[in-house]
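Student: From the sequence below, what's the structure:
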Amino acid sequence: NSRGTASLLKDSISFTDVSASGLFEGHDLLRRGFTSVKNELLPSHPLELTEKNFQLNQDKTNFATLRNIQGIHAPLKLQMEFRAVKQVQRLPFLHSSNMAMDILRGNDECIGFEDILNDPSQSEVMGEPHMMMEHKLGLL
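Tutor: Below you'll find the predicted structure:
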């Protein structure tokens, strides 16, 4: 019975499952960028998480030492200065050296990997200035 088969198919497939906002929704490249499998993987080595969180652990150790030596006001003042420096930023499409943060952390006299091999002209984050500002301001 062809009529019975058609009614079974009609009842078994819902059209909301195959809509654009449902199961087959596309990835928005303009807003989210390219997907990276590397970001979704678990760490492959036990020291990888330690290396990723090195600066955070270093700051915690410095704050604890500073608190033991000078009291609670010293790490609070330093954290307040870190927060103020992080709020001052360039436009999202311009490279920022974060010199003030390096001075606060004491890294201004050190030459690291990112100082030599992090050329902003070869950066992959450079994009359309108007699109990036509209995204940051929530207009898109």
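
Student: C-alpha from now on. contacts and neighbour counts both.
Tutor: OK.

Student: contacting residues around the helix ranked longest in the chain?
Tutor: As assigned by DSSP state H, the longest helix anywhere in the chain is helix 54-70. Helix 54-70 is touched from outside by 72-75, with contacts defined as Cα atoms under 8 Å, 6 or more residues apart in numbering.

Student: cutoff 10 Å now
Tutor: Residues outside helix 54-70 that contact it (Cα atoms under 10 Å, 6 or more residues apart in numbering) are 48, 50-51, 71-76, 78-79, 105.

Student: ranking the residues you listed by neighbours, who comes first?
Tutor: For these, the largest number of neighbours (other Cα atoms under 10 Å) sits with Pro75, at 20 neighbours.

Student: Now name the helix or strand holding it.
Tutor: Pro75 is part of helix 73-87, with elements assigned from DSSP states H and E.

Student: Using CSV, list the CA coordinates for the next helix or strand after that helix.
Tutor: Using DSSP H and E, the helix or strand that follows helix 73-87 in sequence is helix 99-105. Only the C-alpha atoms of helix 99-105 are listed here, as CSV (Å, rounded to 0.1, in the frame of the first residue of the first chain):
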residue,chain,number,x,y,z
MET,A,99,54.5,46.8,27.7
ALA,A,100,52.8,48.0,30.9
MET,A,101,52.1,44.3,31.8
ASP,A,102,55.6,43.3,31.1
ILE,A,103,56.9,46.1,33.4
LEU,A,104,54.6,45.1,36.2
ARG,A,105,55.7,41.5,36.0
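
Student: which of the residues in helix 99-105 are buried?
Tutor: 100-101 (16 or more other Cα atoms under 10 Å).

Student: other SSEs contacting that helix?
Tutor: Counting contacts by 3 or more Cα pairs under 10 Å, 6 or more residues apart in numbering; DSSP states H and E, helix 99-105 is packed against helix 54-70, helix 73-87.

Student: Please work out the average pLDDT along the very next helix or strand once past it.
Tutor: Next in sequence after helix 99-105, counting helices and strands by DSSP H and E, comes helix 113-117. Across helix 113-117, pLDDT averages out at 77.
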